[in-house]
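Novice: just need the structure, nothing else, for what follows:
(chains A and B)
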Protein chains: 2
Amino acid sequence: MDEQTMRRAIERKRDGERLDTRAWHDVLEAYMAGDVDDSQMAAFAMACVWRGLDLDEATALTGAMVDSGATLEYPNGTLVVDKHSSGGVSDIVSLVAVPLVAACGVNVAKLSGRALGHTGGTIDKLEALPGFQTALPMHRFVEQVQHVGCAIAAQTEAIVPADKRLYHLRDRTGTVPAIGLIASSIVSKKVAGGAGAFAFDVKCGAAAFMQDPQQAQELAQTLVDIAGRFGRRARAIVSDMNEPLGRSIGSGIELIEARDVLRSGQADDRTIEGCLAIAVAMLELAGIPDARARAQAVLRDGGAYRKFVAMSEAQGSTIEALENMRAATVTGEALAHGDGFVTKIDAKMLGNVARRQWVGDSTAGLYVHVRTGERVLAGDVLCTLHGTGVRSDEIESAFAIGAEPPPMRPLVYATI
Amino acid sequence: MDEQTMRRAIERKRDGERLDTRAWHDVLEAYMAGDVDDSQMAAFAMACVWRGLDLDEATALTGAMVDSGATLEYPNGTLVVDKHSSGGVSDIVSLVAVPLVAACGVNVAKLSGRALGHTGGTIDKLEALPGFQTALPMHRFVEQVQHVGCAIAAQTEAIVPADKRLYHLRDRTGTVPAIGLIASSIVSKKVAGGAGAFAFDVKCGAAAFMQDPQQAQELAQTLVDIAGRFGRRARAIVSDMNEPLGRSIGSGIELIEARDVLRSGQADDRTIEGCLAIAVAMLELAGIPDARARAQAVLRDGGAYRKFVAMSEAQGSTIEALENMRAATVTGEALAHGDGFVTKIDAKMLGNVARRQWVGDSTAGLYVHVRTGERVLAGDVLCTLHGTGVRSDEIESAFAIGAEPPPMRPLVYATI
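Specialist: Sure thing, here's the model as predicted:
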């Protein structure tokens, strides 16, 4: 595809026409080959935001993205499941659900990303564990999934190289929010990762990339539909991200929380439900009966924790390193200034603050003691600050306290 | 404006918000300074195509474009008028109307462009006249307007340099068709050219850049409105470009036709009306009473022709060179294959063919003998081919002949 042909493709998309599978492949191949430059691609991306992509188009783009790089494969008959989160604050779901599902006998292969904006990244969290290797050669990753039952490694440049380039361009040019583009970015990496079934966790709320529940549901449906076009089983949930999912916000501090959830089998309802919703979806995709009961059992009996230890050991760390992990020294406390109900917790702000902290110390971060709707008294500790550099009053401003309890929100808005 | 600020400007435009005057200036300045790159600008331009620009925004962009380069000025009290055509085939209006209006005592300063696509450019036509200099230093251009009464020179890089860069980008990225962007491109060059009043000729039809009469009228209105915001008087017409305006198509061959119209004061109705509509608008803008009668008088009495000769001499040519101009040798004739009415003349195709010819020989081109609606008999000459390289049957395919006359179209669709 040369410059003129690309111009015509842009014009067609601009004018609301559909592009066929061949055209989507041509556009992406030409972009990766340098025959189409960033300015044409940026105008094209804006036309995609404008006109949207139908399922055929999103599927075609996903296929073109997959074809831009290497793909992983598992031996025939080995069902491998994978999960994806659209990104949140204190999102410890992968750290808990991956070993939990593996402990139920289902292979889990998870390729993860790094922190983006105010949201955390599973890879950053795991790297806070001394010795833990996230940069696995792909053949070792595949072997570990088969032998240990699970592995979590960093997304490599070899898989869907087009995604990184395209995302960087979209981020700079205001062309991120197109469901078809978002979905093809997500699903292409999952398809190339070789798993046969995917659970998608689409976060929705003030601290998510999607604020509108209807749009989040549309994205969730699109993810499942595209996956189906590639012959993969898929489930999606739309889950709340108006406050942190767990209680810790940082990288190592979130790993510590996940360790404690796995080791004790206990956490508050929101944290447990967030992890179980995805774990159950993964187990059901793998055809495991009584999935919820099985999941709860391996969490309670330590099976999930043992699997996390086995995965950590396989990836270069030790149980001692894991058990010895401690959050950074307490440097402050955010307190309630009056009696009332917690009406809002600004998770986006807390995520941004925590990110500034753990860049210097991976165990620095925040620990939130309250949930929205909880009753507090003046002087109650809302949040403990670990590691230096943030003023308590800055953190206090993230909490709103009012006379009336806010309306209750479910954790899971929709299941697809 | 840095990359982040530009991203937010793109997002605001994408989401349908209006940008204020400061923002438009910032965007254009940053683009010209290299702080905003082509990919951000391309996405922004597509968002402009999507959301449109209101009059305030188009005015702000026009002002920013003017500010990107030098501007011309005439002494206080010297009213200078200018005209612009959106581009057509056999569009000899500038060559006829500029000297005609000057012959009525009104100063005319016309900065012109070159051929674009299938449409001709006044500068290419004038350069076919031996000796004629189109690259005038701006102070000489201004002097000539005052002393001779008119001048036609090539648009220089010094005036609205942003326009060339932006147009090139928009052309490559499918972001040309936004009325606000088109209008600001046109009006900024007129405002920077220093004239106090403008006549705009918006062509509409199969061989124009705008096919939809309603869109053409909207553009015409926007041109007049923006000009008004800059304190300039303006008129616009929407005129037919479904067939050639004059009868010749090329560069030198069109100059010859214009010479003959000016020298004889005669041409067919369509050609004369096309030239007079704009000339009358220019004269009325200058407050000349009985404009149409005055225009017809100077055309008939040779005043317009003498002014054209004076302008040509001032710009380096001679009356001998002008009078000696001849079209290239006849190399073929396109004939009617049956009896009937001419129902269609594909001016865009003829424009493209002629352009390929006159690149080698500036007096090569086509001379069209018929108009749509005219009755022809098998064997009648539809078009004479001057210069080599085109087959007559290729030209014949541009003419459709049917049993019934087509509906009559007016030449001027609207006047604003």
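
Novice: and the pLDDT for residue A:359?
Specialist: At residue A:359, the pLDDT value in this model is 67.

Novice: now find how far off-centre the helix or strand where residue A:40 lies is within its chain.
Specialist: Element membership for residue A:40 (DSSP states H and E) is helix A:38-51. Here helix A:38-51 shows a centroid-to-chain-centroid distance of 26 Å under the convention Cα atoms, centre = their mean, to the nearest Å.

Novice: after that helix, which helix or strand is next?
Specialist: helix A:55-67.

Novice: ok, then the element right after that next one?
Specialist: Next helix or strand after helix A:55-67 toward the C-terminus (DSSP H and E): strand A:80-85.

Novice: quick check: next helix or strand after that following strand?
Specialist: helix A:93-103.

Novice: what's the angle from that next one to strand A:80-85?
Specialist: Taking axes from the mean of the first three to the mean of the last three Cα atoms, to 10 degrees, one finds that helix A:93-103 is oriented at 160 degrees with respect to strand A:80-85.

Novice: other residues contacting stretch A:399-413?
Specialist: A:204, A:213, A:216-217, A:237-240, A:242, A:270, A:273-274, A:277, A:334, A:336-346, A:370, A:372-373, A:375-376, A:382-383 (Cβ atoms under 8 Å, 6 or more residues apart in numbering or on different chains). (Each C-beta comes from the backbone N, C-alpha and C, glycine too.)

Novice: who are the contact partners of residue A:84?
Specialist: Taking Cβ under 8 Å, 6+ apart, one finds A:186, A:189-190, A:198-201, A:223 in contact with residue A:84.

Novice: if you rank those by neighbours, which is first?
Specialist: Neighbour counts for the contacts of residue A:84 peak at residue A:199, which has 31 neighbours (criterion: other Cβ atoms under 10 Å in any protein chain shown).

Novice: excluding its backbone neighbours, what's nearest the residue nearest the centre of chain A?
Specialist: Nearest residue to the geometric centre of chain A (Cα atoms, centre = their mean): residue A:85, 2.7 Å. Using Cβ to Cβ, 6 or more residues apart in numbering or on different chains and skipping the chain neighbours, the partner closest in space to residue A:85 is residue A:201 (4.2 Å).

Novice: for the stretch 151-300 of chain A, what spans make up the helices?
Specialist: Using DSSP state H, counting those that start in this stretch, the helices of the stretch 151-300 of chain A run over A:161-172, A:179-192, A:213-229, A:252-264, A:269-285, A:291-300.

Novice: looking at the contacts of residue A:84, which is nearest residue A:299?
Specialist: Nearest to residue A:299 among the contacts of residue A:84 is residue A:199, at 16.8 Å by Cβ to Cβ.

Novice: test my guess that that closest one contacts residue A:239.
Specialist: No: with contact defined as Cβ atoms under 8 Å, residue A:199 does not count as touching residue A:239 (11.4 Å).

Novice: out of the helices of the stretch 151-300 of chain A, nearest to chain B?
Specialist: helix A:161-172 (6.2 Å; Cβ to the nearest Cβ).

Novice: who touches the closest one?
Specialist: Under Cβ under 8 Å, 6+ apart, the answer for helix A:161-172 is A:28, A:31-32, A:38, A:41-42, A:45, A:64-65, A:68-69, A:157, A:175-176, A:181, A:185, A:188-189, B:3, B:7, B:39-40.

Novice: what subset of the residues you listed is buried?
Specialist: By neighbour count, with 16 or more other Cβ atoms under 10 Å in any protein chain shown, these hold A:28, A:31-32, A:38, A:41-42, A:45, A:64-65, A:68-69, A:175-176, A:181, A:185, A:188-189, B:7, B:39-40 as buried.

Novice: for the stretch 251-400 of chain A, give the residue positioned nearest to chain B.
Specialist: Chain B sits closest to residue A:352 of the stretch 251-400 of chain A, with a gap of 14.9 Å, by Cβ to the nearest Cβ.

Novice: what sits closest to that residue if chain neighbours are left out?
Specialist: Closest to residue A:352 by Cβ to Cβ, 6+ apart is residue A:118, at 4.6 Å.

Novice: spit out the contact partners of the residue nearest to the centre of chain A.
Specialist: So residue A:85 contacts A:91, A:93-94, A:200-201, A:203, A:278 (Cβ under 8 Å, 6+ apart).

Novice: buried among those residues? Make that a ChimeraX selection.
Specialist: Paste this into ChimeraX to select the buried members of the contacts of residue A:85, with burial taken from 16+ other Cβ under 10 Å:
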select /A:91,93,94,200,201,203,278
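
Novice: which of the contacts of residue A:85 sits closest to chain B?
Specialist: The shortest approach to chain B among the contacts of residue A:85 belongs to residue A:203, at 20.4 Å (Cβ to the nearest Cβ).

Novice: find the residue closest to the closest one in space, skipping its chain neighbours.
Specialist: That would be residue A:241: by Cβ to Cβ, 6+ apart, it lies 3.8 Å from residue A:203.

Novice: just the pLDDT at the one you found, thanks.
Specialist: 94.

Novice: just residue A:97 next, same as before
Specialist: So, for residue A:97, pLDDT stands at 96.

Novice: strands of the stretch 301-416 of chain A, start to end?
Specialist: Here the stretch 301-416 of chain A has its strands, by DSSP state E, counting those that start in this stretch, at A:330-335, A:340-345, A:365-368, A:375-376, A:381-386, A:399-402, A:412-415.

Novice: okay, angle between the first one and strand A:381-386 too, please.
Specialist: To tie it back to what came earlier, the one meant is strand A:330-335. Calculated by the same axes, to 10 degrees, strand A:330-335 forms an angle of 160 degrees with strand A:381-386.

Novice: buried set for the helix or strand bottoming out on mean pLDDT in chain A?
Specialist: When the helices and strands of chain A are scored by mean pLDDT, DSSP states H and E, helix A:347-358 comes last with a mean of 85. Going by neighbour count (16+ other Cβ under 10 Å), the buried part of helix A:347-358 is A:347-355, A:357-358.

Novice: can you check stretch A:140-152 too?
Specialist: For stretch A:140-152, a neighbour-count test (16+ other Cβ under 10 Å) marks A:141-142, A:144-145, A:148-152 as buried.

Novice: spit out the contact partners of residue A:368.
Specialist: By Cβ under 8 Å, 6+ apart, the contact set of residue A:368 is A:90, A:244, A:247-249, A:345, A:350, A:382-383.

Novice: now residue A:253, nearest residue through space, not along the chain?
Specialist: Spatially, and ignoring its direct neighbours in sequence, residue A:253 is nearest to residue A:365 (3.8 Å; Cβ to Cβ, 6+ apart).

Novice: would you check that the one you found makes contact with residue A:257?
Specialist: No: Residue A:365 is beyond contact range of residue A:257, at 9.7 Å (criterion: Cβ under 8 Å).

Novice: where do the contact lists of the two overlap?
Specialist: In contact with both residue A:365 and residue A:257: residue A:248, using Cβ under 8 Å, 6+ apart.

Novice: give me the more crowded residue out of these two.
Specialist: For the pair residue A:365 and residue A:257, the greater number of neighbours falls to residue A:365 (32 against 25), based on other Cβ under 10 Å.

Novice: what pLDDT does the more buried one get?
Specialist: 92.

Novice: how about the contacts made by it?
Specialist: By Cβ under 8 Å, 6+ apart, the neighbours of residue A:365 are A:248-254, A:327-328, A:354, A:357-358, A:386-387.

Novice: show me what it is bridged to.
Specialist: residue A:250, residue A:386 (DSSP bridges).

Novice: do you know how far the residue nearest to residue A:203 is from residue A:217?
Specialist: 14 Å (Cβ to Cβ, to the nearest Å).

Novice: of those two, which one has the most company?
Specialist: Between residue A:241 and residue A:217, counting by other Cβ under 10 Å, residue A:241 is the more crowded of the two (31 against 18).

Novice: ok, the more buried one touching residue A:118?
Specialist: No: at 10.5 Å, residue A:241 does not count as touching residue A:118 under the criterion of Cβ under 8 Å.
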